[in-house]
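Q: Have a look at this prediction, sequence included:
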Amino acid sequence: MPTPILTILDWKSSASGFVGAEMLLQLGGYYGTTHYFDPDTRAWLSLNGARPTQGAIVNIRPDKCRVLVSLSQGDLETALAKFHECLDVFTWLVDKGFAKLPEREEYRVDNRQFPSVTYIIQHVIAKPGLLDWSYGIGVEAGLRAAGLGWTPDQITEALAVKAELDAKRLKKTDPAAQPWLKVREALSEAGYGATAKRDQAATTGTSWHKTILFFLQGQSVDLSTAPPDQVGMLTHFTQWSERVQLEPKRLETKVANVDFGWAGTVDAVASCNLEAR
């Protein structure tokens, strides 16, 4: 049986199972970090070259748990090189005033503010899945808004403004953005639209991540009152983790590259045998 390999693991709960370039770049960014935050000493400690030599995106759903993509060390080196290109573009955008560094205290290292891996990537490449999702939201908005009393002309104008916002040719703070923002607010108050769906998806994803974290930490997970999809998710994840001989080394760990200046939070670094997936 192959020897388990130290692996960077990132959990995805998307129903589509879509593999985008941003996922590979994310693994590359995590692979390229040099330090991790130790909650016991409240200090950033050097990895001392002990980096994982494998990376994987794991899709966890109520009906299955599977590896969407796994990267060898050579693949991770390539992904890291491409991430460096993203970092160069992001730095250029910051210099030109088209992007700014975030102000999240958890990614402050030695009084230096670091952007996260995902923050960098989202400023450089679009997520095809999100573009499709945003288009679907626009279609739903057009259908729902009419039932809330908006006229066809108002809906047409609002969706035209939304397209400008999606293309980043218009900012939400611009007065011209109001037609879409007003429709979106009305949809949200009625329980429809982008905000409601986004918040529900975020809540579900966060809940699943916490359940997996508690399970891997060895804590008791009470699913007696949990919805069926969460029970199915943990059942399939448990079976998968046993099959690949998953042995967590670090969970929900903040990491950083102190030389080039980026950070992030890795779902898990674990020893596992992905060939048994």
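A: Happy to help now that I have it.
Q: Mind telling me what element residue 24 is part of?
A: Using DSSP states H and E, residue 24 sits in helix 21-31.
Q: contact partners of the helix or strand just after that helix?
A: Following helix 21-31 in sequence order, the next helix or strand is strand 35-38 (DSSP H and E). Strand 35-38 has contacts (Cβ atoms under 8 Å, 6 or more residues apart in numbering) with 43-47, 109, 250, 253-258. The C-beta positions use only the backbone N, C-alpha and C, and glycine is treated the same way.
Q: rerun at 6 Å
A: With Cβ atoms under 6 Å, 6 or more residues apart in numbering as the test, strand 35-38 has contacts from 44, 45, 46, 253, 254, 255, 256, 258.
Q: What's the PyMOL line that selects buried ones from those residues?
A: To isolate the buried members of the contacts of strand 35-38 in PyMOL, using 16 or more other Cβ atoms under 10 Å:
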select buried, resi 44+253+254+255+256+258
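Q: on that earlier part again, quick one: distance of the helix holding residue 24 to the chain centre.
A: The chain centre lies 11 Å from the centre of helix 21-31; the measure is Cα atoms, centre = their mean, to the nearest Å.
Q: Tell me the buried residues in that helix?
A: Here helix 21-31 shows 22, 23, 24, 25, 26, 27, 28, 29, 30, 31 as buried, counting by 16+ other Cβ under 10 Å.
Q: do stretch 270-277 as well
A: For stretch 270-277, a neighbour-count test (16+ other Cβ under 10 Å) marks 270, 271, 272, 273, 274 as buried.
Q: For these, give me a markdown table that also has secondary structure, distance to residue 84 and pLDDT.
A: Below are those laid out as a markdown table (DSSP: H, G, I helix; E, B strand; the rest coil; distance: Cβ to Cβ, whole Å; pLDDT from 0 to 100):
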| residue | secondary structure | distance to residue 84 | pLDDT |
| --- | --- | --- | --- |
| 270 | strand | 26 | 95 |
| 271 | strand | 27 | 94 |
| 272 | strand | 27 | 94 |
| 273 | coil | 30 | 93 |
| 274 | helix | 26 | 91 |
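Q: what's the closest of those to residue 76?
A: Comparing the buried residues of stretch 270-277 against residue 76 with Cβ to Cβ places residue 274 closest, at 13.4 Å.
Q: Look up how far residue 121 lies from the closest one.
A: Noted for residue 274: a distance of 24 Å to residue 121, by Cβ to Cβ, to the nearest Å.
Q: go on, residue 216?
A: Distance from residue 216 to residue 121, by Cβ to Cβ: 26 Å.
Q: And for residue 272?
A: Noted for residue 272: a distance of 25 Å to residue 121, by Cβ to Cβ.
Q: swap in residue 54?
A: Computed with Cβ to Cβ, the distance linking residue 54 and residue 121 is 21 Å.
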